[in-house]
Structure formats: C-alpha cells, structure tokens
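> Everything below, folded, please.
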Amino acid sequence: MSDRISVQVNQVGPSASEGIVRDQHRVLVDRPPAKGGEDQGAMGGELLLVALGGCFMSTLLAAIRAREADVSDVRIEVIGTLGSNPGRYTGVKMKIAADYSDKEQMTKLVTIAERGCLVANTLKEAVKLSLSIE
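This next block holds a predicted model:
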C-alpha cells in the first residue's frame, strides 16, 4: 500500500464542489442556503463526521468478520460538538449500537476498530474523541 492518499476536489457551482476518489467515487460538497450555499451536498464538516463513522464502521465490520463474531445490524451515530474562533469541532462522540449477545466481545471489537481506524487515529490528536456502546 502506498504511503499517500490523494483525492481531487473541483468547483462545480458558485458554492459547490465535487470530490473525486479513485476516479470513480464522487461526492458533492456544498453549504445550506442559510450559509450562502445551494444545498447540493453535505458540508465538509458533516462529511468529516461521515468519514470517521465510515472508517470506523468498515474497520469494525472487518474485525467482526475475521472473528466470526455474532454481531449484526451495526449502527453508529457520530456527534460533533462545535467550537468557535476558529470554527472547529472541540469533541466528537461515536455511539455504537448493534445486535450482539456478548458484551465483552463487543467491547473488544470496538477497541480493535478504534485502534485500526485511520480517521479516528488522526482526529484523536486534534479533538476529544469518545466512544460508547449502546
């Protein structure tokens, strides 16, 4: 695996841009009208939360599959707490829910996913990142 990841972001409207990943995956980024946008896509800050949740989810699902764990219907709510001057997230909480019977195993799987998630590992240095199993 390369030691770099690159994406392309191009302007597609007065306030909107299109992110392109691996030449085939595309996502629109925009602002809501109240912030001067045209609401053609999620805001970058929202996508940061989606990126964290998606990275964590894929890592968690890989850990579940590798251990053939009896875990299904995994859901994650990612909540960012906003700060200002400058605008930023001061904290991010992930609430992980799933159908499982072994709480100890689920806790271990969440720990494995937290340690393996590139986005979580990056953000831990910048914001208070907390996780809870619901």
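> what about the strands in the protein?
Assigned by DSSP state E, the strands in the chain fall at 8-11, 17-21, 25-29, 71-83, 88-100, 128-133.
> what's the distance between the residue nearest the centre of the chain and residue 9?
In the chain, the C-alpha nearest the mean C-alpha coordinate belongs to residue 52, at 1.8 Å (Cα atoms, centre = their mean). From residue 52 over to residue 9 the distance is 19 Å, taken as Cβ to Cβ, to the nearest Å. Yep, even glycine has a C-beta here, placed from its N, CA and C like the rest.
> just residue 15 next, same as before
13 Å.
> okay, the two: which has more neighbours?
residue 15 (18 against 12; other Cβ atoms under 10 Å).
> In contact with the more buried one, which residues?
The neighbourhood of residue 15, defined by Cβ atoms under 8 Å, 6 or more residues apart in numbering, consists of 30, 31, 36, 37, 38.
> What degree of burial does residue 40 show, as a neighbour count?
Neighbour number of residue 40 under other Cβ under 10 Å is 16.
> Thought residue 17 was touching it, still the case?
No: applying Cβ atoms under 8 Å, one finds residue 40 not in contact with residue 17, separated by 9.3 Å.
> which residues do those two both contact?
28, 30.
> For the closest residue to residue 109 other than its chain neighbours, give me its contacts.
Take residue 109 and drop its neighbours on the chain: the residue closest to it by Cβ to Cβ, 6 or more residues apart in numbering is residue 63, 4.9 Å away. Each residue near residue 63 by Cβ under 8 Å, 6+ apart is listed here: 69, 109, 112, 113, 116.
> how far away is the third one from residue 44?
Using Cβ to Cβ, one gets 29 Å for the distance from residue 112 to residue 44.
> ok, these two, which is more surrounded?
Neighbour count, other Cβ under 10 Å: between residue 112 and residue 44, residue 112 has more, with 17 against 14.
> Could you check how far that one is from residue 125?
20 Å.
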